[in-house]
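*Asks:* Quick one: sequence plus predicted model below, questions after.
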Amino acid sequence: MDTTLDRAAATRAILAGLCASLVGIGLARFAYTPLIPPLIEAHWFAAQDVVFLGAANLVGYLAGALAGRPLAARLGSRRTLQLMMALASLAFFACALPLSVAWFFGWRFLSGLSGGIIMVLAALSILPQVPPERRGVASGAIFLGLGLGIAASGTVVPLLLNEGLAATWAGLGALSLLLTLVSWRWWPQAAAAAPAASAGRAPAHAGFALKLIYAQYALKAVGLVPMMVFLVDYIARGLHLGSHTAALFWVVYGLGATAGPMLYGVLGDRFGIGTATRIALVLQILAAGVLVLAHGLAGLLAATFVIGTYPPGIVPLTLGRIRHTLPQDVPAQGAAWSRATTIFALFQALAGYAYSWIFAATGGDHRVLMEIGAAALAVALVSDLLLARAAWTPLAGAADQAARLSTSAPARNDRGGTQAGRAR
């Protein structure tokens, strides 16, 4: 039975996914970064506690990546996503009350939990019901919320801070609640409950391809952390350009983050997910090199924009590769995407601590961190160049064999390639 949504319903569903990623990840995670100095200056918490509280969201995100599918199996994806958006909104209001470190940690953990669950469930509750030729753009639009959240952290949050810390948290809560209410009925009615954790296992012939995806996603997590976490400090203190110039760079980073999901989604639709993935990796390695070696402001700004496209932009690319590796098998896609999200969250958290140790051990040398990050991305690129054909050729052969046995037309892209071929 055809479950594809009509254009209007598909547009509403995509907008619901965008709102969810904006609330649960874009704002819940990235809006905290510009709030760190005011939290310390206003004596809400000690400096070491503020850093500790920042990690609460990452821990919650990891827990959410693990809990998303089992929770959706009980409540259904649609209801789970609605409740997680509401929970993230409530967490903002709760953080307007600095009652204790434990109180704040708990709500920051819950905001991360909601983000992890949203990341696991949102796209795969929508994309199977979107026409195949629109799925790359649709995936990019859903995760556009991540980029919008980064952009808001450099623009909207500083404006809210003029009204005070409590008002800033409440303002973020009001914005999140508004997006939650507006999108409440936009989620597809036909979004089925996720299967139990034991279901949706990948077929044996896809095992090597999935392992490559997981390994590359872990390397990408390691690669993006230095630029994402230390960029502002590198510009302000490492290059001695000052905090005002560093704030400008963070805005440019946010603009890149806003463009990234749609840009890479379009590239995936146009050239195939595999080619788009390699283009993105090459651009990131080049941009990291410019950031380390260049001295001109224009070059640094251009590199910052390109680097900003990556954290939210790799999400639709990775999800696209999983979908093309496991075509027509939504339960297996859900299991694989949940596992990939968990691996990414784990390696991002581990990399954050490792980079902090290296930063201290090298006397605050930002360039060393960025060189390590670029090296991780280079390993991901080389592994793709060497192993992609071996990983996805058997899948293409299996797809072709199934097509010959089937009486229906095979699934092909606009260039005549199979789904597995596009993943290469």
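*Replies:* Perfect, I can see it now. Numbers count the residues shown, from 1 in each chain.
*Asks:* for stretch 263-283, the distance to its chain's centre please.
*Replies:* Relative to the chain's own centre, stretch 263-283 is displaced by 16 Å; criterion: C-alpha atoms, centre = their mean, to the nearest Å.
*Asks:* what's the first-to-last distance across stretch 33-52?
*Replies:* Looking at stretch 33-52, the gap from its leading to its trailing residue is 13 Å under the measure C-alpha to C-alpha, to the nearest Å.
*Asks:* Residues contacting that stretch from elsewhere in the structure, which ones?
*Replies:* 53-54, 98, 101, 104-105, 153-154, 157-158, 161, 165, 168, 250 (C-beta atoms under 8 Å, 6 or more residues apart in numbering). C-beta here means a position set from N, CA and C on the backbone, and glycine is covered the same way.
*Asks:* ranges for the helices of the stretch 301-424 of the chain?
*Replies:* If you assign secondary structure with DSSP state H, counting those that start in this stretch, the helices in the stretch 301-424 of the chain sit at 310-325, 330-361, 366-405, 419-423.
*Asks:* How is this protein divided into domains?
*Replies:* Under the assignment automatic domain parsing, the domains of the chain span 1-199, 204-405+417-424.
*Asks:* In TSV: those, plus mean neighbour count.
*Replies:* Converted to TSV, the domains of the chain look like this (neighbours: other C-beta atoms under 10 Å):
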stretch	mean neighbour count
domain 1-199	21
domain 204-405+417-424	20
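*Asks:* Mean pLDDT for the ones you listed - can I get that in JSON lines?
*Replies:* Written out in JSON lines, the entries for these read as follows (pLDDT from 0 to 100):
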{"stretch": "domain 1-199", "mean pLDDT": "82"}
{"stretch": "domain 204-405+417-424", "mean pLDDT": "81"}
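*Asks:* Just name the closest of the contacts of stretch 33-52 to Arg339, please.
*Replies:* Ranked by distance to Arg339 (C-beta to C-beta), the contacts of stretch 33-52 are led by Gly54 at 25.4 Å.
*Asks:* thinking that closest one is in contact with Arg29, fair?
*Replies:* No: in this structure, Gly54 is not within contact of Arg29 by C-beta atoms under 8 Å, at 9.4 Å.
*Asks:* roughly how far apart are Leu161 and Ala375?
*Replies:* Leu161 sits 37 Å away from Ala375 when distances are taken as C-beta to C-beta, to the nearest Å.
*Asks:* I should have written Ser338 there, sorry.
*Replies:* Plainly put, Ser338 is 28 Å away from Ala375 if you go by C-beta to C-beta.
*Asks:* ok, now Leu177?
*Replies:* For Leu177, the distance to Ala375 equals 43 Å [C-beta to C-beta].
*Asks:* quick revisit: which single one of the contacts of stretch 33-52 is nearest to Ala236?
*Replies:* Proximity of these to Ala236, judged by C-beta to C-beta, is greatest for Trp250, which lies at 10.0 Å.
*Asks:* Looks to me like that closest one is in a helix.
*Replies:* Yes: following the definition DSSP: H, G, I helix; E, B strand; the rest coil, Trp250 is counted among the residues of a helix.
*Asks:* list the contacts for the residue nearest to it when sequence neighbours are not counted?
*Replies:* Beyond its immediate neighbours in the sequence, the residue positioned closest to Trp250 (C-beta to C-beta, 6 or more residues apart in numbering) is Gly154, lying 4.5 Å away. Under the criterion of C-beta under 8 Å, 6+ apart, the contact partners of Gly154 comprise 34, 247, 250-251, 253-254.
*Asks:* what's the angle between the particular helix or strand that has Gly154 in it and helix 310-325?
*Replies:* Taking DSSP states H and E as the definition, Gly154 sits inside helix 144-161. Helix 144-161 and helix 310-325 meet at an angle of 160 degrees, taking axes from the mean of the first three to the mean of the last three C-alpha atoms, to 10 degrees as the criterion.
*Asks:* Just the CA trace of helix 144-161, in CSV.
*Replies:* Backbone C-alpha positions of helix 144-161 (Å, rounded to 0.1, in the frame of the first residue of the first chain) are rendered in CSV as follows:
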residue,chain,number,x,y,z
LEU,A,144,18.2,22.5,9.2
GLY,A,145,17.0,23.0,12.8
LEU,A,146,20.5,22.2,14.1
GLY,A,147,22.0,24.9,12.0
LEU,A,148,19.3,27.4,12.9
GLY,A,149,20.0,26.6,16.6
ILE,A,150,23.7,27.4,16.1
ALA,A,151,22.9,30.6,14.3
ALA,A,152,20.5,31.6,17.1
SER,A,153,23.1,31.0,19.7
GLY,A,154,25.2,33.8,18.1
THR,A,155,22.3,36.2,17.4
VAL,A,156,19.1,35.7,19.4
VAL,A,157,20.7,34.6,22.7
PRO,A,158,22.8,37.8,23.0
LEU,A,159,19.7,39.9,22.5
LEU,A,160,17.8,37.9,25.2
LEU,A,161,20.7,38.3,27.6
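*Asks:* roughly how far is that helix from the heart of the chain?
*Replies:* On C-alpha atoms, centre = their mean, the centre of helix 144-161 falls 16 Å from that of its chain.
*Asks:* And stretch 126-140, by the same measure?
*Replies:* So, by C-alpha atoms, centre = their mean, the centroid of stretch 126-140 is 17 Å from its chain's centroid.
*Asks:* Endpoint to endpoint, it covers what distance?
*Replies:* Stretch 126-140: ends 12 Å apart by C-alpha to C-alpha.
*Asks:* can you give me the helices in the stretch 101-250 of the chain?
*Replies:* So, for the stretch 101-250 of the chain - with DSSP H, counting those that start in this stretch - the helices run 101-126, 135-142, 144-161, 165-183, 207-233, 243-271.
*Asks:* still on that earlier bit, any chance of the contacts of stretch 33-52 in a markdown table, with distance to Ala138 too?
*Replies:* Converted to a markdown table, those look like this (distance: C-beta to C-beta, whole Å):
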| residue | distance to Ala138 |
| --- | --- |
| Leu53 | 35 |
| Gly54 | 32 |
| Pro98 | 40 |
| Val101 | 41 |
| Phe104 | 36 |
| Phe105 | 36 |
| Ser153 | 25 |
| Gly154 | 27 |
| Val157 | 28 |
| Pro158 | 32 |
| Leu161 | 35 |
| Leu165 | 37 |
| Thr168 | 32 |
| Trp250 | 28 |
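*Asks:* Closest one of those residues to Arg69?
*Replies:* When the contacts of stretch 33-52 are ranked by distance to Arg69 (C-beta to C-beta), Phe105 comes first, at 25.5 Å.
*Asks:* That closest one contacts Asn57, doesn't it?
*Replies:* No: in this structure Phe105 lies outside contact range of Asn57 using C-beta under 8 Å: 9.8 Å.
*Asks:* coming back round to it: okay if I get the helices of the stretch 101-250 of the chain as JSON lines plus distance to Leu286?
*Replies:* Rendered in JSON lines, the data for the helices of the stretch 101-250 of the chain read as follows (distance: least, C-beta to C-beta, whole Å):
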{"stretch": "helix 101-126", "distance to Leu286": "28"}
{"stretch": "helix 135-142", "distance to Leu286": "22"}
{"stretch": "helix 144-161", "distance to Leu286": "20"}
{"stretch": "helix 165-183", "distance to Leu286": "35"}
{"stretch": "helix 207-233", "distance to Leu286": "13"}
{"stretch": "helix 243-271", "distance to Leu286": "14"}
